[in-house]
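[1] structure here, sequence nowhere to be found:
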């Protein structure tokens, strides 16, 4: 099978010749240039022979689109530094601008995806990273999830309309990314669909509708879309409510299901299995292969995608990343 057929078989919850796999992680220096980001993404895709690419732009660009300002670190190991938050007071939510895919921070990431697709061709699908509206809102106050949740619970009349405005911008960005050649989106809920952050009832009442307003506007040509849930003790039925093709999470975080359990619970292909900050960084290639094979146990190779639970730490070695392919080798 080629990668496209392999992936389509997996998301149909069937058994391909082997599980498809991928890797992703930040390249902090290159992330400020669409061409440099595309170039290093293509090199990594070819080096590790990935079945598909999850584009990894800088995590700050969503907040940049709505007024936050950052300074690049200038090196490969450090996140950008926040200079000014886009939202500094509760009243600022009412002043949030209405933006679309033409906003420069958005347009750069669409261009990075376009360049990546142009170089890799149609044999290696590429999906765009899209943060959930609440995730973007958390970055807008300085990457403070508990803070934005408190604001949302205390002032839904102010934060709710802002989330709707953010969702419209994300929908425009998602559409532009698919039109630029993306196979779909990697819709990331960064810690909010977790019992450690919000109750499931509060998430459904205050956030889920905004998520769905992004997802429901995806073009019909978006055939591979992933719901990513970050954190421990996940509200896993939120992923099912999103109704996408696959669900991504860390099987190693406390209270989270195995790949087989997550697949069966959601009716979506399960994506994960590798420790992005632990095994891939600190273990040997042999230990990585063992962890990957253990994660796949019980799945019968059906409806499963081998991947890290989230972005791979920048200190992961080339030898360790190269070992992932061996997990699924025949």
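    Yep, it's here. Computed from a predicted structure; not experimentally measured.

[2] for the helix or strand bottoming out on mean pLDDT in the chain, the distance to its chain's centre please.
    For the chain, the helix or strand with the lowest mean confidence is helix 279-282, at a mean of 92 (criterion: mean pLDDT, DSSP states H and E). Computed by C-alpha atoms, centre = their mean, to the nearest Å, the separation of helix 279-282 from the middle of its chain amounts to 20 Å.

[3] for stretch 134-143, same thing?
    Worked out by C-alpha atoms, centre = their mean, stretch 134-143 lies 15 Å from the chain centre.

[4] so for it, what gets flagged as buried?
    Neighbour-count burial for stretch 134-143 flags 134-143 (criterion: 16 or more other C-beta atoms under 10 Å). The way it works is simple: take the backbone N, C-alpha and C, and place the C-beta from them, glycine included.

[5] what sits up against the next helix or strand after the least confident helix or strand of the chain?
    Later in the chain than helix 279-282, the nearest helix or strand by DSSP states H and E is helix 285-296. Helix 285-296 is contacted from outside by 19, 251, 258-259, 272-275, 279-280, 283, 304, 306, 319-320, 322-324, 326-328, using C-beta atoms under 8 Å, 6 or more residues apart in numbering.

[6] which of those residues are buried? Put it as a ChimeraX command.
    This is the ChimeraX syntax for the buried subset of the contacts of helix 285-296, where burial follows 16+ other C-beta under 10 Å:
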select :19,251,258,259,272,273,274,275,279,280,283,304,306,320,323,324,327,328
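
[7] now, which of the contacts of helix 285-296 lie within strands?
    If you go by DSSP state E, these have 272-274, 304, 306 in strands.

[8] give me the low-pLDDT residue ranges for the stretch 201-330 of the chain?
    By pLDDT under 70, the low-scoring segments of the stretch 201-330 of the chain are 330.

[9] farthest pair in the ones in strands among the contacts of helix 285-296?
    By the measure C-beta to C-beta, 274 and 304 form the most distant pair in those, at 12.3 Å.

[10] what sits against the residue of the chain most remote from its centre?
    Going by C-alpha atoms, centre = their mean, the residue of the chain most distant from its centre is residue 91, 29.6 Å out. Residue 91 sits next to residue 158 when contact means C-beta under 8 Å, 6+ apart.

[11] isn't there a strand covering it?
    No - Residue 91 is assigned helix when assessed by DSSP: H, G, I helix; E, B strand; the rest coil, not a strand.

[12] measure it to residue 195 for me?
    Distance, residue 91 to residue 195, by C-beta to C-beta, to the nearest Å: 31 Å.

[13] for the protein, what's the longest helix?
    In the chain, with assignment by DSSP state H, the single longest helix is helix 156-179.

[14] which element follows it toward the C-terminus?
    strand 184-189.

[15] for that next one, which strands pair with it and how are they oriented?
    Using DSSP bridges, the strands paired with strand 184-189 are strand 126-131 (parallel), strand 226-229 (parallel).

[16] tell me the most buried of these?
    Among the strands paired with strand 184-189, strand 226-229 has the highest mean neighbour count (mean count of other C-beta atoms under 10 Å), at a mean of 28.

[17] how distant is that strand from the center of its chain?
    In this view, strand 226-229 has its centroid 6 Å away from the chain centroid, taken as C-alpha atoms, centre = their mean.

[18] other residues contacting it?
    Under C-beta under 8 Å, 6+ apart, the answer for strand 226-229 is 54, 127, 184-189, 193-194, 235-236, 238-239, 242, 244-249, 268, 271, 310.

[19] how about a cut-off of 7 Å?
    Here strand 226-229 makes contact (C-beta atoms under 7 Å, 6 or more residues apart in numbering) with 127, 186-189, 193, 238-239, 242, 244-249, 271.

[20] out of these, flag the one nearest to residue 212.
    residue 242 (7.2 Å).

[21] could you measure from the closest one over to residue 130?
    In terms of C-beta to C-beta, residue 242 sits 12 Å off from residue 130.

[22] tell me, what's touching those two both at once?
    Here residue 242 and residue 130 have residue 187 as joint contacts, going by C-beta under 7 Å, 6+ apart.

[23] I'd say residue 98 and residue 165 touch.
    Yes - counting by C-beta atoms under 7 Å, residue 165 is a contact partner of residue 98 at 5.8 Å.
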